[in-house]
Each structure stands twice: as C-alpha cells, then as structure tokens.
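K.L.:
give me the fold of what follows.
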Amino acid sequence: MGTVHKYAALCAIAVLAAAANVRASAQTGNAEQQTARYLDSIRHNPSLLRAFVRAMPKGGDLHNHLFGAVYAESFVEWAAKDGLCVDRKTVSLVPPPCDDAERPAAAKALTDFVLYREMVDAFSMRDWQPGHESAHDHFFDTFFKFDAVTHAHIGDMLAQAASIAAADNLIYLELMHTADNGESRELGARVGWEDDFDQLRSKMLAEGMTDLVSRTRKTLDEDEAHMREDLHCAAADADPGCRVTVRYLYQVLRGFPPEQVFAQILLGFELAQADPRFVGLNLVMPEDWYIPMRDFHLHMRMIDYLHQQYPKVHITLHAGELSQGMVTPDGLTFHIRDSIDTGHAERIGHGVDIMHEHDPIALLKQMARQNILVEICLTSNDVILGVRGVEHPLPTYMKYGVPVALATDDEGVSRGDMTEEYLRAVQTYGFSYSELKRMARQSLEHSFLAGESLWKKGSSFQRVQACASDIPGKPTSKTCGKFLAQNQRAQVQWNEEIQFAKFEQCGEKAGEGCHLDRLPAVQAGAKKSDAAKP
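P.N.:
Here you go, the predicted model:
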C-alpha cells in the first residue's frame, strides 16, 4: 500500500473512531439527561426520591470512622455474647463480674426491652433530646460507653461497614482505624518527650516502632480474614460487601500528651509506607477539647516534619469541625489554613467554620486552586454542631470551585448512611443530578487509591486517551484494559462508570428492582490472592 493510501486508511480509522466516540457520548448524554429529568420530576416526592437516591451510584466514602460506623444493636449483641456487664449509672459496658442491681449482664438486654432501648440510646443519637447534656457531648460520650466490646470485634465491624456501603451502592471505603490498639501511645509514653523531632523519631524507631508496624499489619490480616468469613466472600452467595474496595487511614488520637501523639503520627507514616492497605492518616478526637486546641500548631509541625521524611504518604485532616461559641473566637480562625499550609492536607474533613478563618475568600480560592477536597458530613454537622441548611458552607465551597464529596462520618452513632447524606443534600439544597454525580466522581478522584486517574488532569471528567473511546459496561479495548490493570484508582473509577451507565439505563425503574449489584465489575489486573478481598 502506498504512502497516500496508508494515510487515507489511517484517516478513515480515526474518523470512524471519533464517530463511535461521539455516538457513545451522545447515548451517555441522552441517558444522563433523562435521569436528570426524572430526578427533577420526583424531587418533591420523598418516597420516590429516597428510592432514586438509594439506587444511585455514590462512589466512595472518604470520611468514615470504623468504630462509629457500627450500629448500637450490634454492640449490644456482641456484649451479650462476650459476657460483659452494663454499668446502670452510666449505661456503659464494663468487664465482669456482673450483678443484677448495679451491673446487670449485657445479655439481660436481649430479654429486657427497657435495658435494651436504654443501651441503644446510650450508644447512639437515637431519641436524643436536649437536656442535661449537649448533642456534642452525648455523641462523643457514646464511644466511651461501648468501647469495651469493640476491640474483640474488629473483623465483625469491618464486615458491617462494607455490607452497609454495598447496600448504599458505594464501591470504595476509606476507614479511619486506630489499628494498633493503642500500642504506639504506650511506646510514646515510654520514650518520653523530646523537642528535637529528629532525635525523637530515632528513639522511637529504636524502641520498637518497626516491630509495632509488623504486629499491626498481622492484626489487620487476621481482622480482614474474619471480615471475609463474616461476609461469606468465598461462597456463591457472598455478601455484596465483598465487592467494596476497603482501605485504611491510620487514625491518630490527638487528645493525648505530645509524645504519644507524635508516636501515633509516626506509626501512621510508617504503616502507609510499608502496607498499601494503609493509604494515609488523619487526626481525630473533638477539635474543641483542651489538648487538641492547645497543641494544634504543634501537631501540624509534627506532621510537617514527618511529611518531609515520608513525602509520598497521603494526609487528610479534621479541621473546622467547630461552630460559633464552642471555642473562643480566635480558635475558629486558623485550623483549616494551618492544616493545609503546615499540615500538607490534601483533603479537609468537615471544614464547617471556613468563614471564620482569616480572609476566608482567599482561603477558598486557594483550596480550589490546589484542588483540596472537603469531606462534607451533613448529618454529623447537624447532630453534633447544630449547623444545617443555609448555615452550612457546602454551597459556598461549591460556589468557589472547591471540590466536595459527601461522607457519613459515624453512620452507626448518627443512625444514618450515605443514602441519607445524598437525600439531605437534594432536599436541602436542590442539587441537580449532574451535581450529585460530580460529587460521587470526586469522591473517587480524591481517594488515596494507588495509580493514575481515569480522568485527564484539569478536565471536567474527560477520560484519559487510553480509555477515551471505550464504553462502560462493554468489553474494554486492549489499551484501556492495560491502563486499568496498571492503575487501581482508574479501575475503581471505571467500575463506577459502569454503575452509572447501568443506573442511567434504569430510568424510572432506578428504585424498582433495577439492581446495580447484578452488573459485573471490571477486575483487570487483580491478583488471585485479592480476589475475595473487599
């Protein structure tokens, strides 16, 4: 074939490929528009709206505390099984011996409906009413009340979180988990404080940090095996939770002395470097408590120093989970900016007090420019802070182009799920289908999964060249299949696009049995050993 004919043939192939891409885009666009029109037609019908939102693909949950994700009913059952007791005065779980008067056996709650409902209410926000304690205090006190039963049931808790996520049409979870069961705090207390971070890190590494990393990884192996067993992942009738990709953010408890906080942060960096299941770290515990307020700048300096030692480790930080009156006025003015500028946060959790920051508009523009996502927890912010509706900064973040994703925070304690978050967003702010879809996509785009994105950098969700002409739900081309196999992030994003294609084909039947879980997902490049892992 001559050069001219070769060139003509190549042009013809290119034209055909472009035409196929246009047809695919048109089909996708039409289905998306029809879905958007259907949402508009039912947005004032709560029942149909809930069915629609529940069936909608929601991507990932990037802000989910493992211990807070579990419903109180499970804690009651596990406590009964483990032979724990209930302190009548505080309605807290305590170790045996039990007695019928002041410390009845938790098992009694299974036949005593009064004790049962008291425990469920104490372990969650169910039926909470304003009175002698604030919603904020009741919320955070729940963790102390059910703590005694948690550590023996991590695998069960992982299974529940994954199963709930699957039922919500999520395909990815980043769970905040203090996976070492407090050993790093003990190491920090043993080593003591040292102003020189270099020396402090060296001492902690020498005192057994490496062994602690190995023990924590081994414990997670066991807990995940328990999770897969609970979900029957090796069986034909496996729970849909088996298909949820689960990763972990090492959860640092920041309300402890500096040496213990430093040890935890160091462990988080070490785990993320050693084990791909740990994709980053976060600092938790109430922002308004004394130590987190007093040591906020110190904690950011710790992270700044360790970020220099482990520059590839991802960081997301709770910041701005505060409202007027919770702390002194100056305490509202710097947490978000300091988390970004000194703490190197790639994402911000909550960010409720953004407009109290010094020069908030400049900060919003900076966050948009640096592509820093905010993990928005609408139910949690309402329940704990009393911030809701027009008082919440979610529309302001969106106005200034800051990426956002909805998240559950502590769905078990708050008695909600991701469907509730999306439903609240639609009913409160009137978001369109395209805005909801963008949030779902952004949750995966800003996840800490390994590999390249399915989307071109700086684009409005335009696919990379390798998969530009492929159609979600159809067999992938050789080029796209190879790209997906090499990039876990893109693979999960592609699976979400398959879900969206299926959902948008459902039309009005989205909430009437048009099930996303019946659509096979792409598993390109998965290792045999990972086949049954959520």
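
K.L.:
and the strands in this protein, which stretches?
P.N.:
Using DSSP state E, the strands of the chain run over 59-65, 85-87, 92-94, 170-177, 245-253, 278-284, 314-319, 347-350, 373-376, 404-406.

K.L.:
could you dump the fifth one to PDB, C-alpha only?
P.N.:
Right, the one you point to is strand 245-253. C-alpha atoms of strand 245-253 as PDB (Å, rounded to 0.1, in the frame of the first residue of the first chain):
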ATOM      1  CA  THR A 245     -12.700  -1.900  48.000                       C
ATOM      2  CA  VAL A 246     -11.600  -1.100  51.600                       C
ATOM      3  CA  ARG A 247      -8.600   0.900  52.500                       C
ATOM      4  CA  TYR A 248      -7.500   2.500  55.800                       C
ATOM      5  CA  LEU A 249      -6.400   5.800  57.200                       C
ATOM      6  CA  TYR A 250      -4.400   5.400  60.300                       C
ATOM      7  CA  GLN A 251      -6.400   7.200  63.000                       C
ATOM      8  CA  VAL A 252      -4.300   9.400  65.400                       C
ATOM      9  CA  LEU A 253      -6.000  10.200  68.700                       C
END
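
K.L.:
D230: what's its closest spatial neighbour, skipping adjacent residues?
P.N.:
Sequence neighbours aside, A159 is the residue nearest to D230 in space, at 3.7 Å (criterion: Cβ to Cβ, 6 or more residues apart in numbering). Where you see a C-beta, it was placed from the backbone N, CA and C, and this is true even at glycine.

K.L.:
the one you found: neighbouring residues, count only.
P.N.:
For A159, the number of neighbouring residues by other Cβ atoms under 10 Å comes to 25.

K.L.:
among the strands of the chain, which is nearest N487?
P.N.:
Among these, strand 245-253 comes nearest to N487, with 13.3 Å by Cβ to Cβ.

K.L.:
ok, residues contacting the closest one?
P.N.:
65-66, 158, 161-162, 171-179, 185, 220, 261, 264-265, 267-268, 271-272, 277-285, 316, 447-449, 492, 533-534 (Cβ atoms under 8 Å, 6 or more residues apart in numbering).

K.L.:
tell me the confidence at G458?
P.N.:
pLDDT recorded at G458 is 81.

K.L.:
what about the residue nearest to L364 when sequence neighbours are not counted, distance to S434?
P.N.:
Closest residue to L364 apart from its sequence neighbours, by Cβ to Cβ, 6+ apart: Y400 at 4.0 Å. Distance, Y400 to S434, by Cβ to Cβ, to the nearest Å: 18 Å.

K.L.:
neighbour count winner among those two?
P.N.:
Neighbour count, other Cβ under 10 Å: between Y400 and S434, Y400 has more, with 18 against 13.

K.L.:
these two touch, right, the more buried one and Q366?
P.N.:
No. Taking contacts as Cβ atoms under 8 Å, Y400 lies outside contact range of Q366: 9.8 Å.

K.L.:
okay, the strands of the chain in a markdown table with mean pLDDT and distance to D195 next?
P.N.:
Shown next, in a markdown table, are the strands of the chain (pLDDT from 0 to 100; distance: least, Cβ to Cβ, whole Å):
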| stretch | mean pLDDT | distance to D195 |
| --- | --- | --- |
| strand 59-65 | 98 | 32 |
| strand 85-87 | 98 | 41 |
| strand 92-94 | 98 | 38 |
| strand 170-177 | 98 | 29 |
| strand 245-253 | 98 | 20 |
| strand 278-284 | 98 | 20 |
| strand 314-319 | 98 | 23 |
| strand 347-350 | 98 | 29 |
| strand 373-376 | 98 | 33 |
| strand 404-406 | 98 | 38 |
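
K.L.:
got a list of what the nearest residue to R54 once chain neighbours are set aside touches?
P.N.:
Spatially, and ignoring its direct neighbours in sequence, R54 is nearest to T419 (4.5 Å; Cβ to Cβ, 6+ apart). Counting by Cβ under 8 Å, 6+ apart, T419 touches 50, 53-54, 58, 168.

K.L.:
ok, back up a step: would you list the phi and psi of the residue nearest to L364?
P.N.:
Dihedral angles of Y400 (phi, psi; degrees, to the nearest 10) stand at phi -100, psi 10.

K.L.:
tell me where the stretch 151-300 of the chain has helices.
P.N.:
154-167, 183-191, 197-204, 210-230, 258-274, 290-294, 296-309 (DSSP state H, counting those that start in this stretch).

K.L.:
what's next to the last one, contact-wise?
P.N.:
Right, helix 296-309. Outside helix 296-309, the residues that touch it by Cβ under 8 Å, 6+ apart are 197, 201, 254, 258, 261-262, 265-266, 269, 283, 292, 313, 315, 317, 334-335, 338-339, 342-344.

K.L.:
then the fourth one?
P.N.:
With contacts defined as Cβ under 8 Å, 6+ apart, helix 210-230 is touched by 154-156, 158-159, 162, 179-181, 183-184, 187, 234, 239, 242, 248, 267, 270-271, 274-275, 277, 532-534.

K.L.:
gap between it and the chain center?
P.N.:
With Cα atoms, centre = their mean, to the nearest Å as the basis, helix 210-230 stands 20 Å off its chain's centre.
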